[in-house]
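> fold the following for me, if possible:
(4 chains)
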Amino acid sequence: MRYLLRRAAFYAVALWAAVTLNFALPRMMPGNPMQVLVAKFRGRINPDALYAYAKLFGLDRHVSLWAQYWQYIGQLLHGNLGVSLGLYPETVSAALMQALPWTLFLLGLSTLISFILGTLLGMVSAWRRGSFLDAVAPTVFTLTGSFPYFWLALLLLYFFAFQLPWFPLGHAYGSSTSGWSFANLPDILYHAVLPALTIVVTSIGGWLLSMRNNMINTLSEEYVKVAKAKGLSDRRIMMTYAARNAILPNVTSFALSLGFILSGAILTEVVFSYPGLGYTLFQAVGNMDYPMMQGALLLIALAVLVANFIADLVYVKLDPRARQG
Amino acid sequence: MQIMALDPPPRQDMGAGRTRKKKGLLTRAAPFLRNRKAVSGAVLLVFFLFIAVFAPLLTKINPDSTAFMPLQPPSAAHPLGTTSMGQDVFSQFVWGTQSSLFVGVVAGVGAMVLSVLVGMLSGYIGGVVDEVLQLITNIFLIIPGLPLVIVLAAVLPFGGNLPMIIVIVLTGWAWGARVLRSQVLTMRELPYVESAKMGGESAWNIVFRELLPNMISLIFANLLFSILYAVLTAAGLQFLGLGDLKAVNWGTMLYWSDTEGALLSGAWWWFVPPGLSIALLGAGLSLLNYAVDELTNPKLRSLPLRLRALRRRRAS
Amino acid sequence: MTVLCDIRNLSVTYHGDVDVKAVQDVNLTIRRGEIFGLAGESGCGKSTIVLALTRLLDRDGEISGGEILFDGQDLARLSDAGMRPLRWSKISLVTQSAMSSLNPVLTIGEQICDGMVAHGVTAREAWSRAGELLRLVEVDPGRLRSYPHELSGGMRQRVMIAMALALRPQLIVMDEPTTALDVVVQQQIIRKVKELQREFDFAVLFITHDMSLLLAIADRIAIMYAGEIVEVGVAAEIRDAPRHPYTKGLLQSFPSVFEKRELIGIPGSPPSMVSPPTGCRFAPRCPVRLDECASVAPPTVDVSPTHRAACHLLGEGGQGCV
Amino acid sequence: MSEEPILLEVEGLGKVFAAGNALNRRPVHAVADVSFRIARGRVTVIVGESGSGKSTVARLIARLIEPTAGVVRFQGEAYVAKVRRRELSRLRRRVQMIFQDPFGSLNPHHSVGYHLVRPLKNYGKARAGAGVRGRVLQALEAVGLTPGEDYIDKYPHELSGGQRQRVVIARALIVEPLLLLADEPTSMLDVSIRMGILNLMRQLRRDRGLSFLFITHDLASARYVGDDLLVMYAGQLVEGGPADDVVERPAHPYTRLLLSAVPDVVHNPFASDRAPTGEPPNLAQLPTGCHFHPRCPQVMEVCKRVAPRRVELGGGHFAACHLNDMDYAARQDGTIAQEAGNGASRRKG
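Have a look, this model is predicted:
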């Protein structure tokens, strides 16, 4: 429990850092941010939207930075992320809430597949040192792991959606269906195949390699030797003695590499026009939609923190030593 | 490349009575040369370095020149064809390699230096300094890099490669710092560090003369990882159109080929070279990294050929 | 006492960049119900013998010659599947560090039970027996639900011993079981082992580098040097009339708390097993070496019905070094 | 012991480590109220089980860690809590330390020569360039690595464990210290090599008048090299005095327990039928009163509440046990158990 409390304290600090960074971002633009914005958009944008943005970040008032900061945090606590400059009068939070489920779905699905598959492959290739699988899998997936996400996405799109029209060219669902419902699930899954494949292929190598290395290390542990001396079945030695211990560091790095995978997912979403957070962020950049950009960044940071906390919970469940803190 | 061979040999090798002379460079490099992954990784890396360094000799065509027939497939005059704007893809590729490698190496080295500084400082000094640095490291580790880079690239006022390099360094150092810190923490407790203290060495000498030489392979692996991260992130940003679009590099080549519909018009000679180059360079770096792992951790080494034959014999 | 385990001409080779023969033509017999001590310094091959006997050699280690006759079966030639029924039920193992020998993520109870369950004991039966086993080694049976890190070093080693006893094996191999423990705890553990041994009548192969401990507890002792057995005998013979110069040197390396005497130890250091000396492997460090020691390997000579040693000084009616 | 001048004087030395993390600090009393003296030219041994704090005492004297209580006086100069760099250098020029792990004590990247030259330079003892190599060779030969030329250019991985430990000793000796702190220098060495190092220590004491503080868990080695013996339990000194006296007439039940448990070529600890019980306490949760009382075969009521004082038994022999201090125990506790008197009367008689 103490361990979790300590982690929670850390996440609170990290969240505070993310919020503060977000507050600071518009102030990184040179000059008076308000004037810069007005000059930049010169009539292309609804002045109300710009005003709402300035208000959220306190760019319009001549009060102390400190007061502006507290004002901003107060707004955030009310779930107010401002109004989108590009999609005025839609609010940022509404737009992001629409995008969030898609990212969670795509990323959750592909990360889970990649984690499970990679961990299993790593486990088996370490258990069968020197086998064909062990000779091929780590090298092949190390190579695919260094592929640029977006290029792989482009290639898949070209071959499996354009040349061989097996899969759709993009988007999360077809024109006949819209949004989430159980009846739409086949269509949604159908649209998710290529983007998910991109993420799985490029991220599987990391899990495989780290699981393999951990497993090789645990296999030389004394307790594995004793387990063998006890006459336990290979299956039990592999699962309960070697893999159970080898997976612990993988759970920790699962959380840490989530940020990295998320980055790849953003590029994938852009290539496939997948309406998730990454695509929204990308469009916001194109529209110079600052409130949307910052809102998306904050939400992504929050999502990573939550995922990390879940990983911590799993870790505590798996490792009795962590329970004592 | 003799770096890895500098690591202390495993203890069981330390049999008594053997008197070896100080090893020459060639014998030190031997385990490296025997590792297939290391050699193929190095070959790939050297290939791209060669192109980058000798770019002016490899092509005389200005990569920006739009003087040619658009969308020509590869030919003798244009080994990699032309773009839809009539530029020579080969010369773009050659100069793009230079530009992409430059960003990758500069940002990679920058991130590495930052992680060495923070990691070593945090690990060796300890106390409050360590707690603060560790907190910062963990926050940077957890904050997703690319979205931040995207937003920063959009917000920061100046153009060119510099902002990209800065943001890549800022988002890429944390992982290495964490690894190095934990390594310093274990090494700080080693008796030879305490012995050096008893021998009157200053803190500076202990860090740089006693600890650093034993961490070279880790730092090298960290550098490889940082370069890979930098190349991928830079290409991703440029592909999204967030870099300097007038510059010629792998990322902008892909950006233009994508926006100009090279994919749909089947102009593979345009989008394959830059993408494949990123993949191959990445593969080279990963293979080297993998090899460093194997060379420094004897447990991970693959079986010698003779032993594999022996096992086959036993199995049959 | 009848023979339980007969090791004949055992050789073990580790394959690597160069092949290393870690154990060379070793002959040993372990009798039922005895404590057989195997002493030697680090790297002499004593742990390799343990690994060969329990068939736990790593993937690069191979039994390259000889046989291990245990209860009528040759363990050296058994397949993994053939070996499994013998494991733990006939031969069990207690290793040096109980901390690393216990799986950190399983409770003590689960680890005691799974060995029994693997040999056909029902889970319920195994659990109740596990409680009894802990009582036997004087650990609170409530500890069954504890994790290894919640126990002290001495308790963990007791748990290991309880675990090794679970299926009433005929032989328990103890590889430096007390090296990581303090002397007082060591004494508690050794007393417990001797007590249990009287009760259940199993044989113990006790591996250690500590001659003073071995002389106190073992019935018979074998001394190993550089992969070979140099001397075997009843404990009293080894203590009072050692015949091999290495054994003498070893005994000269253990000062006594109660008696102040000048000791010399052995000059030099053990050879590398990659290229062991020709002839007698101890010759380069031997204070009484002869010319032939450098070239001819010494034969093993019976000094008494229970005592043999391999030294040129013993050949042809020689007295050995005195 | 009294004729020779006192070199080192340790008074009330204590070290409390903070275990746990920022949210949950638990004090661990590694060393508490340790006092002793080392006379010039004598070998003083601290024996104790792992976790008894014996290594911490050596580290505190060498200032590798800072004490939380007490004074260390070396040649009359007092070193309290924080010591400045210059003072530290002055101390370490006269007090050197060698460590348990000969494999880890030498940096694999530096040659033997480098390891020996650095202390000379750092302590300003190597001004003339030519003399340095000579002094290094001399130091190597002094520890039995002859000829020195064969070793000076070698790297640690080319040496055996025993040779390494000799290099470590040579490095400590090259600055010509007066006191050598030896923290379990033989526990990781093969038995056949151990005697060589122990004999080297005895020889250095004899030939150079070097003083030692030898830390070990091995009573036999302690008796072999030691002039004076200090017994540590749970961070405190429980008994001390001339080695022969302590071994032959142990006054503290813990010392008796240790002596009865040592496997020995002469004495068989498994012959007697009295088995010791219990294990050393957790330093974060020390027992009240005498730390040894939960394991003590002669425990009295007073032991559970009142910590014993240190009592001089004559001839430099002392012990901290109520059995040797019955008057004090009686004053602390009106109801002394009758049977406990036996131990005390035996001591006095």
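> which bits of the stretch 101-250 of chain B sit near chain D?
Selection of the stretch 101-250 of chain B residues close to chain D by C-beta under 8 Å from any C-beta of the partner chain yields B:131, B:190-192, B:194-201, B:210, B:213-214. (C-beta placed from N, C-alpha, C; glycine too.)
> if we use 6 Å, what do you get?
Residues of the stretch 101-250 of chain B lying near chain D by C-beta under 6 Å from any C-beta of the partner chain: B:190-192, B:194-195, B:198-200, B:210, B:213.
> list the contacts of C:Tyr14.
By C-beta atoms under 6 Å, 6 or more residues apart in numbering or on different chains, the contact list for C:Tyr14 reads C:20, C:22, C:60-61.
> contact partners for the residue with the largest distance to the centre of chain C?
Farthest-out residue of chain C from its mean C-alpha position, per C-alpha atoms, centre = their mean: C:Arg124, at 33.8 Å. For C:Arg124, no contacting residues are found, by C-beta under 6 Å, 6+ apart.
> before we move on, what about D:Asp244?
No contacts exist for D:Asp244 under C-beta under 6 Å, 6+ apart.
> min pLDDT across the contacts of C:Tyr14, which one?
Least confident by pLDDT among those: that is C:Asp60, with 83.
> my guess is that one meets C:His15, correct?
Yes: between C:Asp60 and C:His15 a contact is recorded at 5.0 Å, counting by C-beta atoms under 6 Å.
> of these two, who's got more company?
For C:Asp60 versus C:His15, the count of surrounding residues by other C-beta atoms under 10 Å in any protein chain shown is larger for C:His15: 19 against 16.
> that older thread, quick check: the farthest pair among the contacts of C:Tyr14?
With distance counted by C-beta to C-beta, no two of the contacts of C:Tyr14 lie farther apart than C:Ala22 and C:Asp60, which are 10.9 Å apart.
> show me the contacts for whichever residue of the stretch 151-300 of chain C sits closest to chain D.
Closest residue of the stretch 151-300 of chain C to chain D, C-beta to the nearest C-beta: C:Gly265 (2.6 Å). By C-beta under 6 Å, 6+ apart, the contact list for C:Gly265 reads C:253, D:192, D:195-196.
> of those residues, the lowest pLDDT goes to which?
Taking the contacts of C:Gly265 together, the minimum pLDDT is found at D:Ser192 (80).
> measure that one to C:Ser269 for me?
Using C-beta to C-beta, to the nearest Å, D:Ser192 is found at 8 Å from C:Ser269.
> quick check: closest non-adjacent residue to whichever residue of the stretch 101-250 of chain D sits closest to chain C.
The nearest approach of the stretch 101-250 of chain D to chain C comes at D:Met195, 2.6 Å away (C-beta to the nearest C-beta). Take D:Met195 and drop its neighbours on the chain: the residue closest to it by C-beta to C-beta, 6 or more residues apart in numbering or on different chains is C:Gly265, 2.6 Å away.
> from the contacts of C:Tyr14, which is closest to chain A?
Taking C-beta to the nearest C-beta as the measure, chain A lies nearest C:Asp60 of those, at 10.3 Å.
> quick one on the thing from earlier: now the residue farthest from the centre of chain C: which helix or strand?
helix C:123-136 (DSSP states H and E).
> and for C:Lys260, the neighbour number?
When neighbours are counted by other C-beta under 10 Å, C:Lys260 registers 12.
> what's the per-residue pLDDT of it here?
For C:Lys260, pLDDT reads 81.
> from D:Val246, how far out is the closest residue in space to it that isn't next to it in sequence?
Setting aside the residues directly before and after it, C:Lys260 is nearest to D:Arg223 in space (C-beta to C-beta, 6+ apart), at 6.8 Å. Distance of D:Arg223 to D:Val246, given as C-beta to C-beta: 9 Å.
> the more surrounded of the two?
A count of neighbours by other C-beta under 10 Å puts D:Val246 above the other of D:Arg223 and D:Val246, at 29 against 22.
> pretty sure that one is in a helix, no?
Yes: applying DSSP: H, G, I helix; E, B strand; the rest coil, one finds D:Val246 inside a helix.
> who touches it in this structure?
D:Leu229.
> the residue in the stretch 201-325 of chain A that chain C sits nearest to: how many residues sit nearby?
The stretch 201-325 of chain A approaches chain C most closely through A:Gly231 (3.3 Å), counting by C-beta to the nearest C-beta. A:Gly231 has 21 neighbours, counted by other C-beta under 10 Å.
> and after the helix or strand bottoming out on mean pLDDT in chain A, which helix or strand comes next?
Ranking every helix and strand in chain A by mean pLDDT, DSSP states H and E puts helix A:33-41 at the bottom, with a mean of 65. Of the helices and strands lying after helix A:33-41 in sequence (DSSP H and E), the nearest is helix A:47-56.
> please, which helix or strand holds the spatially most central residue of chain A?
Centroid-nearest residue in chain A: A:Leu262, 3.1 Å away (criterion: C-alpha atoms, centre = their mean). Here A:Leu262 is covered by helix A:244-271, with elements defined by DSSP H and E.
> top of the contacts of C:Tyr14 by neighbour count?
Using other C-beta under 10 Å as the neighbour test, the contacts of C:Tyr14 are led by C:Ala22, with 24 neighbours.
> would you map the helices across the stretch 1-150 of chain A?
Assigned helices in the stretch 1-150 of chain A, in chain order: A:2-24, A:33-41, A:47-56, A:65-77, A:92-127, A:132-145, A:149-157 (criterion: DSSP state H, counting those that start in this stretch).
> brain fart, the stretch 51-200 of chain B
Per DSSP H, counting those that start in this stretch, the stretch 51-200 of chain B carries helices over the ranges B:55-58, B:89-125, B:127-142, B:145-155, B:161-172, B:174-188, B:191-198.
> quick one, which of those helices is nearest to chain A?
For chain A, the closest of the helices of the stretch 51-200 of chain B is helix B:145-155, at 3.1 Å, according to C-beta to the nearest C-beta.
> show the contacting residues for D:Cys290.
Listed by C-beta under 6 Å, 6+ apart, the contact set of D:Cys290 reads D:303, D:307-308.
> tell me the SS of it?
Under three-state DSSP, D:Cys290 falls in the coil class.
> for the stretch 101-250 of chain D, which segments count as strands?
Secondary structure of the stretch 101-250 of chain D (DSSP state E, counting those that start in this stretch): strands at D:179-183, D:211-216, D:228-233, D:236-242.
> does chain A sit close to the worst-scoring helix or strand of chain C on mean pLDDT?
Least confident helix or strand, chain C: helix C:98-101 with a mean of 84, by mean pLDDT, DSSP H and E. Yes: on the criterion C-beta under 6 Å from any C-beta, helix C:98-101 is in touch with chain A at C:100-101.
> immediately after that helix, which helix or strand?
Going down the chain from helix C:98-101, the next helix or strand is helix C:108-118, by DSSP H and E.
> angle of that following helix against helix C:123-136?
120 degrees (axes from the mean of the first three to the mean of the last three C-alpha atoms, to 10 degrees).
> what's helix C:108-118 in contact with?
A:230-232, C:88, C:123, C:126-127, C:130, C:143-144, C:146, C:159, C:163, C:166.
> state the mean pLDDT of it.
For helix C:108-118, mean pLDDT is 94.
> also stretch A:222-238?
For stretch A:222-238, the per-residue pLDDT values average out at 94.
> for burial, what's the neighbour tally of A:Ala17?
18.
> what's near enough to touch it?
B:Ile139.
> at 8 Å instead, please
The neighbours of A:Ala17, taking C-beta atoms under 8 Å, 6 or more residues apart in numbering or on different chains as the test, are B:139, B:143.
> okay, now the unreliable bits of the stretch 1-150 of chain B?
Along the stretch 1-150 of chain B, segments meeting pLDDT under 70 span B:1-29.
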